[in-house]
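S.K.: requesting a structural model of the entry that follows:
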Amino acid sequence: MGSGNGRRSCSVFECGNLGDTCIQTINRKEDEKPFFDFKKIFKKPTRNLVMHFKEEDKNKFKWIVNSGCSYGVMAMVVSNPLYPHGYHLSEKYVGKDTSGFDMKIHEQTDNIVVIDVAEQSQSVNWISDSTIYVVTKLLEKGINPENIYCFIEWTEWDRKSFGVSKAFDINIDDFDFKKIGEEDNNLAGVSTLPQGIVGVSEFLDNLNISAAKDAPIGHIDGELYITPHHVDSKQIGKLYGTNYEIYIDECQRILENTNPEELLKNFLDSILKTQWFLKSKGVKYNCVQIKSNFSRFEIHDGIVKHKLTHNYENFHFPYTDLIEPTPGYNPKNNREEDLEVVVPSLKSKVNMIDGSSWWFYENDKYRKGGYDEWAIDTFKECGYAEYNQQSFKDETIGEHNRPKFNGHPSTMLYFLLWNDITTNCDFLKINKDFCKWFLDRLFEDYESDKFTENGLSVSRKFLLQITKKQQMI
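M.R.: Sure, this is the predicted structure:
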């Protein structure tokens, strides 16, 4: 599948100093065989014991706050790597749930509460404000800052939020927002490790944050978060009134006429605001990004352009519809494309970002990369398809995305990066033996002559056959 290097910055976020250390390679030698005995790692299912949360024990727990856009699935996947969407690993190993799996997955020192407020199509403003809001509310509840850790996935730099507008009669009362943990909140909400700890959502009754059930619109304590280019104005107009369609169309017009430099400032200011808040409160955090937001820039026809956002020069689609490499796709790690080099006026802001808490994917092809660069480079053709048990039984592929930027890597892959990204989290890691076991099964699937061996991925052989015949459902 590939052997790209994932590098995390260990120095100040300055031009030329990123990614010089901490190289982590996901790769398997050709002659290396799986070292696990399936008979030893699977056992008869056992019933989980229910644990009740007590407020007086709140600081005996660790609290993880996760925010991001639709790429912000890390908390969900880490909580249960085998079944992030209720499927993935073949039933021949674990049955219909994961209770038959006897390998240690998590290395944890405490009971953990995960508060997941990542929301699809959201902006850098949402990611910053939701992180700060939830941490503030935890501190108000008496949670000690050393017991809080934030995992932050930053979305595209040009995503800006618009909120309540009296001029357009855009009001919070038009939405039936639910509290976190309530049905139809539409945020992932609250989960625990181990699973089954009850009473946590009731403790978090001061969290007034949610997302609309029928639209990618967020809400934090009376303010709306609408990302115009990721919302269908006509659909929203049908749901909430013509004024909403007019308002979103107007917001889209404003964005289309906004200089890229202003949107980049909004992006950098959101990062800095979050960084300074967390540091001031003594809360540890780590950051990752959807794709490189700090490189791949150039001046094109007198305007600042981002090769991974503005679709040209074949940079956006490394693979064609037939899952073949796109002709001319040959990215290079080029320092001259760094944001602060192309837009010198933003250098001071870039240099204020603390790079020691960031993870980047870098090698000779990619610079200051994120999830997309990692998935495209490491898992090649098969990194962007979501599978379920029925697709393996029918030898078809459901909703398939060719490998591309913004294409969403397969959900199950994210947890493989948890240990590398979360350098500042000292109470939860993924067992390295489990990661190796998982990768062995994944490579078996990829290299197989069958449709799949383990139910983690369709084989490369069959993926190419299916896509060339266009037999995807």
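S.K.: next up, the contacts around Gln461.
M.R.: For residue 461 the amino acid is Lys, not Gln. Neighbour list for Lys461: Ser448, Asp449 [criterion: CB atoms under 8 Å, 6 or more residues apart in numbering]. Backbone N, C-alpha and C define where each C-beta goes, glycine included.
S.K.: from Thr467, how far out is it?
M.R.: For Lys461, the distance to Thr467 equals 11 Å [CB to CB, to the nearest Å].
S.K.: one more: Leu82?
M.R.: 27 Å.
S.K.: check Cys251 too.
M.R.: Counting by CB to CB - Cys251 and Thr467 are separated by 37 Å.
S.K.: now swap in Glu245 and tell me
M.R.: Glu245 is 38 Å from Thr467, where distance means CB to CB.
S.K.: same check, this time on Gln108
M.R.: In this view, Gln108 and Thr467 are 40 Å apart by CB to CB.
S.K.: what residues are up against the closest residue to Gln120 other than its chain neighbours?
M.R.: Excluding the flanking residues, the one nearest Gln120 by CB to CB, 6 or more residues apart in numbering is Ser70, at 3.9 Å. Shown in contact with Ser70 (CB under 8 Å, 6+ apart): Ala118, Glu119, Gln120, Ser121, His408.
S.K.: what does the third one show for phi and psi?
M.R.: Listed backbone geometry of Gln120 is phi -60, psi 140, with angles given as degrees, to the nearest 10.
S.K.: does it really touch Cys69, like I thought?
M.R.: Yes: at 6.4 Å, Gln120 and Cys69 qualify as touching, with contact defined as CB atoms under 8 Å.
S.K.: just the element for the residue lying farthest from the centre of the chain, please.
M.R.: Largest separation from the mean C-alpha position in the chain: Ala167, at 34.8 Å (CA atoms, centre = their mean). Assessed by DSSP states H and E, Ala167 sits outside every helix and strand.
S.K.: distance check, it against Asn243.
M.R.: Ala167 is 10 Å from Asn243, by CB to CB.
S.K.: also Leu139?
M.R.: 38 Å.
S.K.: and if you look at Asp445?
M.R.: For Asp445 relative to Asn243 (CB to CB), the value is 51 Å.
S.K.: also Gly328?
M.R.: Gly328 sits 46 Å away from Asn243 when distances are taken as CB to CB.
S.K.: of those two, which one has the most company?
M.R.: Asn243 (16 against 8; other CB atoms under 10 Å).
S.K.: the more buried one sits in which helix or strand?
M.R.: According to DSSP H and E, Asn243 maps onto helix 242-256.
S.K.: just the residues contacting whichever helix or strand comes after that helix, thanks.
M.R.: Per DSSP H and E, the first helix or strand lying C-terminal to helix 242-256 is helix 260-281. Residues from elsewhere that reach helix 260-281, judged by CB under 8 Å, 6+ apart: 124-125, 127-128, 131-132, 135, 139, 145, 150, 152, 154, 157-158, 160, 255, 284-285, 287, 293, 303-306, 339, 343, 345-346, 349-350, 352-354, 357.
S.K.: what does the next helix or strand after helix 260-281 contact?
M.R.: Remark: after helix 260-281, the chain's next helix or strand is strand 284-289, criterion DSSP H and E. With contacts defined as CB under 8 Å, 6+ apart, strand 284-289 is touched by 74, 146, 148-155, 271, 274-275, 278, 357-359, 370-371, 417, 421-425.
S.K.: quick check: neighbours of whatever helix or strand comes next after strand 284-289 in the sheet, parallel or antiparallel?
M.R.: Heading C-terminal from strand 284-289, the first helix or strand you meet, by DSSP H and E, is strand 297-300. If you go by DSSP bridges, strand 297-300 pairs up with strand 303-306 (antiparallel).
S.K.: can you list the buried residues in the partner strand?
M.R.: For strand 303-306, the neighbour count (16 or more other CB atoms under 10 Å) marks Val304, Lys305, His306 as buried.
S.K.: want to try CSV for those, with pLDDT as columns?
M.R.: Listed next are the buried residues of strand 303-306 as CSV, based on pLDDT from 0 to 100:
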residue, pLDDT
Val304, 96
Lys305, 93
His306, 94
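S.K.: now, among those residues, which is nearest to Cys435?
M.R.: His306 (32.4 Å; CB to CB).
S.K.: buried residues, stretch 171-187. List them.
M.R.: Buried residues in stretch 171-187, counted by 16+ other CB under 10 Å: Phe175, Phe177, Lys178, Lys179, Ile180, Gly181, Asn185, Asn186, Leu187.
S.K.: can you put these in TSV and add secondary structure?
M.R.: Shown next, in TSV, are the buried residues of stretch 171-187 (DSSP: H, G, I helix; E, B strand; the rest coil):
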residue	secondary structure
Phe175	coil
Phe177	coil
Lys178	coil
Lys179	coil
Ile180	coil
Gly181	coil
Asn185	coil
Asn186	coil
Leu187	coil
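S.K.: which two among those residues are spaced furthest apart?
M.R.: So, the buried residues of stretch 171-187 by CB to CB: farthest apart are Phe175 and Gly181, at 17.6 Å.
S.K.: want to throw the buried residues of stretch 171-187 into a markdown table with distance to Lys60?
M.R.: Formatted as a markdown table, the buried residues of stretch 171-187 follow (distance: CB to CB, whole Å):
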| residue | distance to Lys60 |
| --- | --- |
| Phe175 | 36 |
| Phe177 | 31 |
| Lys178 | 29 |
| Lys179 | 24 |
| Ile180 | 21 |
| Gly181 | 20 |
| Asn185 | 26 |
| Asn186 | 30 |
| Leu187 | 25 |
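S.K.: please name whichever of those scores lowest on pLDDT.
M.R.: Across the buried residues of stretch 171-187, the bottom pLDDT score, 70, is held by Gly181.
S.K.: perfect, that will be all.
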